[in-house]
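J.: okay, here's the prediction I keep looking at, along with the sequence it came from:
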Amino acid sequence: MEKIYLSELKSNETISRDLYNTHGAILVHKGTKMTDLLKHKLLKNDVQFFFSTRKLTPITAEYAKFFDDTTIRKAEKANKVYQESFDELANQFEFFKDNYHLNKKVITDIATQLADSISGSDQVFVGIQGIKEKDFYTYTHSLNVAVFSIIFANSMSLSTAETREIALAALLHDIGKIQMPDSILTKPFKLTVSEMNQMKNHPKIGYDILKNELSYSEEIALAALQHHEKVNKKGYPYGLSWDSLHPYSRMLAICDIYDAVTTNRVYREGMLPHQGINFLMSIVGSELDFSLTTQFVRSIAPYPLFTKVLLNTGEEGVVIRLHGNYPHRPVVRLIHHNLVRDLMSELTVFVSEVLK
């Protein structure tokens, strides 16, 4: 795999092949003219070199031998879409923070691409969530919530337009945090009461930005305003009743909590997917609605593709396939033997532990 430095590329040179980043995402397409403006943009985003061919991402490279080519291609495509979406979203939010201008078309395009790409590949996208422990937590979190909201919407058979709209709402739901100081957003331990009260203003700030400054619809703005409200009326910023929330706000409240507890942070390690699901169910009735949370849990596999597991038989394996209606009973390919165990048919076999 050839490494090509940006400094080696001449101005006005036509690029003869796709150029990739370390995650396998195309940064410069074949046929693009390398202008001074493009060089400046790449350098501003700390891009100093490319790769001439795409390599497998670590998670798919490690387990490629356990999967068929179709699944690997889907996983690589999912990684590519995820990484490109993150790059675009981070660029837009960073620019908005500095210049108070957001390219609404770019954000809409990200939502559309995610919604269209995830359709039919739900669990592949859940499986690649291992790549999400990051810098820029706010941006990664917004992207992850969008991914989960799309999977959630698909499980409820929402229309394409509705699915794209909730994805857009998810991408923008935390935009109010842009006005929060970094000292609060990146603090490595518990916030003080004063800091928490300041943080609780971000939904109202987000609503005002989306509705009054960027002229988004009421539905999109309400998702930012209401995604921290709870069933017990102890949420913020207004302590609203669950029934009074917009449907998107309810869905994003669930996705928001799930991603928050399953993502690694500076001050704690994230829960594994099955632990995150158990946590959601533990706060049903107090913070979350039972029927909607149960629907979400059904749509998110506790043992996603690429998960390394220990079976009660003592055998180690990798989850290679899921049974839609029975997510706790995946198909597992054993690591040390050329065998596959389908937990739907082998009812005495079950996952006893998730391995890292």
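T.: In hand now; what should we look at?

J.: what's the helix or strand harbouring Thr108 packed up against?
T.: Assigned by DSSP states H and E, Thr108 belongs to helix 104-118. Contacts defined by 3 or more Cβ pairs under 8 Å, 6 or more residues apart in numbering; DSSP states H and E place helix 104-118 against helix 69-99, helix 137-155, helix 160-172. The C-beta positions use only the backbone N, C-alpha and C, and glycine is treated the same way.

J.: so which of these is nearest Leu334?
T.: Of all those, helix 69-99 sits nearest to Leu334, with 17.3 Å by Cβ to Cβ.

J.: show me what the closest one is packed against.
T.: On a contact count with 3+ Cβ pairs under 8 Å, 6+ apart, helix 69-99 meets helix 58-63, helix 104-118, helix 122-127, helix 137-155.

J.: what angle sits between that helix and helix 160-172?
T.: Put simply, helix 69-99 runs at 50 degrees to helix 160-172, going by axes from the mean of the first three to the mean of the last three Cα atoms, to 10 degrees.

J.: for this protein, what spans make up the helices?
T.: Secondary structure of the chain (DSSP state H): helices located at 36-44, 58-63, 69-99, 104-118, 122-127, 137-155, 160-172, 182-185, 193-199, 202-208, 218-226, 247-262, 273-282, 290-299.

J.: what's the least confident stretch among the ones you listed?
T.: Mean pLDDT is lowest for helix 58-63 among the helices of the chain, at a mean of 61.

J.: with respect to His336, which of the helices of the chain lies nearest?
T.: His336 lies closest, by Cβ to Cβ, to one member of these: helix 58-63, at 14.0 Å.

J.: check contacts around the residue nearest to Ala301 when sequence neighbours are not counted.
T.: Spatial nearest neighbour of Ala301, excluding adjacent residues (Cβ to Cβ, 6 or more residues apart in numbering): Pro327 at 4.5 Å. By Cβ atoms under 8 Å, 6 or more residues apart in numbering, the contact list for Pro327 reads 298, 300-303.

J.: from Glu84, how far off is Pro327?
T.: For Pro327, the distance to Glu84 equals 28 Å [Cβ to Cβ, to the nearest Å].

J.: check contacts around Leu355.
T.: 308-310, 316 are the contacts of Leu355 under Cβ under 8 Å, 6+ apart.

J.: can you list the domains in this protein?
T.: With domains defined by automatic domain parsing, the chain comprises 3-55, 59-299, 308-355.

J.: most tightly packed of those?
T.: Using mean count of other Cβ atoms under 10 Å, the stretch among the domains of the chain with the largest mean neighbour count is domain 59-299, at a mean of 18.

J.: rewinding a little: tell me which of the helices and strands packed on helix 104-118 lies nearest to Ala111.
T.: Taking the helices and strands packed on helix 104-118 one by one with Cβ to Cβ, helix 160-172 is closest: 3.9 Å.

J.: which strands and helices sit next to that closest one?
T.: In terms of contacts (3+ Cβ pairs under 8 Å, 6+ apart), helix 160-172 is packed against helix 104-118, helix 137-155, helix 218-226, helix 247-262.

J.: in TSV: these, plus distance to Gln179.
T.: As requested, the helices and strands packed on helix 160-172 are exported to TSV (distance: least, Cβ to Cβ, whole Å):
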stretch	distance to Gln179
helix 104-118	18
helix 137-155	11
helix 218-226	12
helix 247-262	18
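
J.: wait, which of those is closest to Ile4?
T.: Closest to Ile4 of the helices and strands packed on helix 160-172 is helix 104-118 (Cβ to Cβ; 26.2 Å).

J.: hang on, the earlier thing: dump the helices of the chain to CSV, plus distance to Glu8.
T.: What follows is the helices of the chain, written out as CSV (distance: least, Cβ to Cβ, whole Å):
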stretch, distance to Glu8
helix 36-44, 11
helix 58-63, 27
helix 69-99, 22
helix 104-118, 29
helix 122-127, 35
helix 137-155, 30
helix 160-172, 35
helix 182-185, 35
helix 193-199, 45
helix 202-208, 43
helix 218-226, 43
helix 247-262, 39
helix 273-282, 43
helix 290-299, 46
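
J.: tell me how far the nearest residue to Ala224 once chain neighbours are set aside lies from Ser249.
T.: When the adjacent residues along the chain are set aside, Ala224 lies closest to Gly206, with 3.4 Å between them (Cβ to Cβ, 6+ apart). The gap separating Gly206 from Ser249 is 12 Å, by Cβ to Cβ.

J.: so how far is Glu162 from the residue positioned nearest the centre of the chain?
T.: Centroid-nearest residue in the chain, with Cα atoms, centre = their mean: Asn144, separated by 1.8 Å. Using Cβ to Cβ, one obtains 20 Å as the distance from Asn144 to Glu162.

J.: got the CA positions of stretch 140-156 in PDB?
T.: Extracted C-alpha coordinates of stretch 140-156, given in PDB (Å, rounded to 0.1, in the frame of the first residue of the first chain):
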ATOM      1  CA  THR A 140     -19.400  11.300  17.300                       C
ATOM      2  CA  HIS A 141     -22.300  11.100  19.700                       C
ATOM      3  CA  SER A 142     -24.500  13.000  17.300                       C
ATOM      4  CA  LEU A 143     -23.500  10.700  14.400                       C
ATOM      5  CA  ASN A 144     -24.100   7.500  16.500                       C
ATOM      6  CA  VAL A 145     -27.500   8.700  17.700                       C
ATOM      7  CA  ALA A 146     -28.400   9.300  14.000                       C
ATOM      8  CA  VAL A 147     -27.300   5.700  13.200                       C
ATOM      9  CA  PHE A 148     -29.400   4.300  16.100                       C
ATOM     10  CA  SER A 149     -32.400   6.500  15.200                       C
ATOM     11  CA  ILE A 150     -32.400   5.200  11.600                       C
ATOM     12  CA  ILE A 151     -32.300   1.600  12.800                       C
ATOM     13  CA  PHE A 152     -35.000   2.400  15.300                       C
ATOM     14  CA  ALA A 153     -37.100   4.100  12.600                       C
ATOM     15  CA  ASN A 154     -36.600   1.100  10.200                       C
ATOM     16  CA  SER A 155     -37.800  -1.300  12.900                       C
ATOM     17  CA  MET A 156     -41.000   0.800  13.200                       C
END
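
J.: brilliant, that's me finished.
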